[in-house]
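I would like the atomic coordinates for the input below:
(4 chains)
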2 protein chains.
Amino acid sequence: MTAGKIEDGAGISLDKMIQPTLLLLIYKKPSHGYELIQNYNALDPTEMVEPGTIYRNLRRMEKEGFVLSKWEASESGPARRQYEITGKGVAALQEAVHKLEHQKKQIEDFLDQYKKLAERGGI
Amino acid sequence: MTAGKIEDGAGISLDKMIQPTLLLLIYKKPSHGYELIQNYNALDPTEMVEPGTIYRNLRRMEKEGFVLSKWEASESGPARRQYEITGKGVAALQEAVHKLEHQKKQIEDFLDQYKKLAERGGI
DNA sequence: CCAACCTATGTGCAGAGTGCACATAGGTTG
DNA sequence: CAACCTATGTGCACTCTGCACATAGGTTGG
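Sure thing, here's the model as predicted:
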């Protein structure tokens, strides 16, 4: 699929920030995939992400050493893979913060450019 | 490849906004691929995009009806495919603006969350 | 008690997008 | 005429996503 997003008609795809968001959620509170799916999709119900994508990203981040997991029994229900962030993960989170600040600036520049054009008769 | 970005070590990939940026550049001034590559990569030299990617995006946007092109002779050098934006392209640009405003808000929320955690002893 | 449901994790497949490298070609200049 | 800049495009390998499906433990109502 659209390697990032859905084409909803006249759509141009803009991308998400799955891994940083997952890292931040785990940084706030260690938890497991299913819970992270709920929390992730609660943040922005207009941009829901597939469970499979969350699980795959968690395994990816574990392979890269950003998080580590261990199986834990649940009080009620199947066992869960509990994730916690590592030192490397915290560093990656900080790096993601810098990149997001940069990206925010890019978006602001874009919007400024657009507004300048739209004002002076463009639209 | 990373379907969006480069992994630079401890990197988490964050994505670009190639099509909206190209649309905005063409909206500002009709031009051809080679020139758009220069202008695009001048906007943010830390996030250079391959020529092939630009050309493919232009053809894609033409197929979707956001731009249209015609061959034009250059005063000096090979002929160029000159692009201009269509009505549908302007609409797509507006839609992209809305999405980017939304995305900006998401980034700001993320950064706020992070700062809150970092302050109270996190890092 | 067992069917239905929620919790919980994961995989196979097709489609889309990117980088890298390469191909092609017109025009200018030393 | 070789080297270079302009200019456009493609093949390949790789990554990522959505959709659909598979699996499985535990709870609850009929």
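
Over in chain A, which residue gets nearest chain B? Let me know.
Chain B sits closest to residue A:15 of chain A, with a gap of 3.3 Å, by C-beta to the nearest C-beta. The C-beta positions use only the backbone N, C-alpha and C, and glycine is treated the same way.

and that residue, that's in a helix?
No - under DSSP: H, G, I helix; E, B strand; the rest coil, residue A:15 sits outside any helix and is assigned coil.

wait, what's in contact with residue A:40?
Neighbour list for residue A:40: A:18, A:21, A:22, A:25, A:49, A:54 [criterion: C-beta atoms under 8 Å, 6 or more residues apart in numbering or on different chains].

So which of those reach chain B?
When contact is defined as C-beta under 8 Å from any C-beta of the partner chain, the contacts of residue A:40 meet chain B at residue A:21.

Tell me which two of the contacts of residue A:40 sit farthest apart.
With C-beta to C-beta as the measure, no two of the contacts of residue A:40 lie farther apart than A:25 and A:49, at 12.3 Å.

more crowded one of the two?
residue A:25 (19 against 16; other C-beta atoms under 10 Å in any protein chain shown).

any idea how far residue A:69 is from residue B:28?
Distance of residue A:69 to residue B:28, given as C-beta to C-beta, to the nearest Å: 49 Å.

show me what contacts the residue most central in space within chain A?
By C-alpha atoms, centre = their mean, the mean C-alpha position of chain A lies nearest to residue A:18, the distance being 2.0 Å. By C-beta under 8 Å, 6+ apart, the residues touching residue A:18 are A:40, A:49, A:53, A:54, A:57.

Quick one: work out the angle between the longest helix seen in chain A and helix B:87-117.
The single longest helix within chain A, with elements called by DSSP state H, is helix A:87-117. Interaxial angle of helix A:87-117 relative to helix B:87-117 (axes from the mean of the first three to the mean of the last three C-alpha atoms, to 10 degrees): 140 degrees.
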